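*Asks:* sequence first, predicted model second:
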Amino acid sequence: MTCLRSTDGTEELSFDEVICKDKELFPKKLYSKNYKTFVECKYNLDRIQEATYIDLTFRIRWDNDRLDLYRTNSRQIFICDKEKMSVYEHNEKKDPDWWMIVRNSIEFIECENEISVETID
């Protein structure tokens with residue numbers, strides 16, 4: 001571990017170490033779907049939200065680009081990043097610290113003792 005020393009003499013974790021410490025607790029991406037525009041992606045979030053009124057799923061619409069559905073024992077997170085909708089699953093009721101910031105670039109964070117598996121075409 002590469003700890004940084006703060007001005008008061010205590011050791012602080014680097015950004016990568018902070019992320020690696022909690023990475024296993026992050027929501028897992030189930031899939032992504034591309035739409036033609038952000039408006040179309042947002043429209044599909046609206047459609048998913050409307051369907052939850054029928055089946056009485058508890059939901060939180062955090063913003064116009066994010067919808068959380070609370071299912072039995074899990075939470076599905078739908079996020080529109082421009083024209084791309086990503087769907088995640090998480091077993092906790094709230095997001096881990098830093099997840100929203102690093103979720104689109106998590107593969108660039110290198111963690112010690114992490115085994116990576118790459119698919120060869």
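*Replies:* Yes, it's here.
*Asks:* show me the contacts for the nearest residue to residue 29 once chain neighbours are set aside.
*Replies:* Leaving aside its chain neighbours, residue 29 sits nearest to residue 88 (5.4 Å; criterion: C-beta to C-beta, 6 or more residues apart in numbering). Any C-beta I mention is one placed from the backbone N, CA and C, and that applies to glycine too. By C-beta atoms under 8 Å, 6 or more residues apart in numbering, the contact set of residue 88 is 27, 28, 29, 30, 76, 77, 79, 103.
*Asks:* now do 7 Å
*Replies:* 27, 28, 29, 30, 77 (C-beta atoms under 7 Å, 6 or more residues apart in numbering).
*Asks:* quick one: buried residues of whichever strand or helix holds it?
*Replies:* According to DSSP states H and E, residue 88 maps onto strand 84-90. For strand 84-90, the neighbour count (16 or more other C-beta atoms under 10 Å) marks 85, 86, 87, 88, 90 as buried.
*Asks:* need the nearest residue in space to the second one, chain neighbours excluded.
*Replies:* In space, residue 86 comes closest to residue 32 once its chain neighbours are excluded; the distance is 4.7 Å by C-beta to C-beta, 6+ apart.
*Asks:* my read is that that neighbour contacts residue 84, right?
*Replies:* Yes - the criterion here is C-beta atoms under 7 Å, and residue 32 meets it with residue 84 at 5.7 Å.
*Asks:* so what's residue 74 bridging to?
*Replies:* Beta-bridge pairing for residue 74 (DSSP bridges): residue 71.
*Asks:* okay, now the unreliable bits of the chain?
*Replies:* Scanning the chain for pLDDT under 70 picks out the ranges 1-10, 113-119, 121.
*Asks:* who does the longest helix anywhere in it touch, helix- and strand-wise?
*Replies:* Longest helix of the chain, by residue count under DSSP state H: helix 38-55. For helix 38-55, the packing partners by 3 or more C-beta pairs under 7 Å, 6 or more residues apart in numbering; DSSP states H and E come out as strand 58-63, strand 66-71, strand 74-81, strand 84-90.
*Asks:* if anything else comes up later, I'll come back, but that's it for now.
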